[in-house]
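**Q** Predicted coordinates and the sequence they were generated for:
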Amino acid sequence: MTDALEEYRLLIADVYELAGISRRTSEDIAREAGQTAARWHVLSVLSDGPRTVPGAARRLGLTPQSVQRVVTDLLDAGQAEALSNPDHARSPLIALTGDGRATLERLFARSDNARQRLLERAGVSAGELHQARETLRTLLDSLRTPG
């Protein structure tokens, strides 16, 4: 086995572990704010503009059915609204409302404090995080490309 292959396997294991721990801390932060991590994730995906449920699901790596359940909760809570979609009449665009944006800002503020403490404790620089992200994006792009 090549060194690169072994390092890739170890990287994936570390990414899963990081994602799991991060998800648990996100759930704690969301719960303290009266939200769920799932709602937070969908609010975040919608923060850069309206998306269809399938589009949000693709971005999150989830099934449209699971995202639809969360979107329904957000619509019922007045944190999101459905807009007509000129490209697909049966798949509305989902957008944040003012209340949804305010909720997301509160969640980010709570999260930013916790994440800042983590980064200081870890001694990781913005440059190191950028390089790690670039490496992950390169791998993701390659995985998305058939062949």
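**A** Okay, I see it. Residues are numbered from 1 along each chain as shown.
**Q** What is the neighbour count of residue 27?
**A** Neighbour count for residue 27, taken as other Cβ atoms under 10 Å: 15. For the C-beta atoms, the positions are set from N, CA and C on the backbone; glycine is no exception.
**Q** Same question for residue 95.
**A** For residue 95, using other Cβ under 10 Å, the count is 16.
**Q** Quick check: which element contains it?
**A** strand 93-96 (DSSP states H and E).
**Q** list the buried ones in that strand?
**A** For strand 93-96, the neighbour count (16 or more other Cβ atoms under 10 Å) marks 93-96 as buried.
**Q** chain center to that strand, what's the gap?
**A** Distance of strand 93-96 from its chain centroid, counting by Cα atoms, centre = their mean, to the nearest Å, is 16 Å.
**Q** repeat for stretch 37-48
**A** Distance, stretch centre to chain centre, for stretch 37-48: 6 Å (Cα atoms, centre = their mean).
**Q** tell me the contacts of the most centrally placed residue in the chain?
**A** For the chain, residue 41 is the residue whose C-alpha lies nearest the centre (Cα atoms, centre = their mean; 4.7 Å). Taking Cβ atoms under 8 Å, 6 or more residues apart in numbering as the criterion, residue 41 is in contact with 60, 70.
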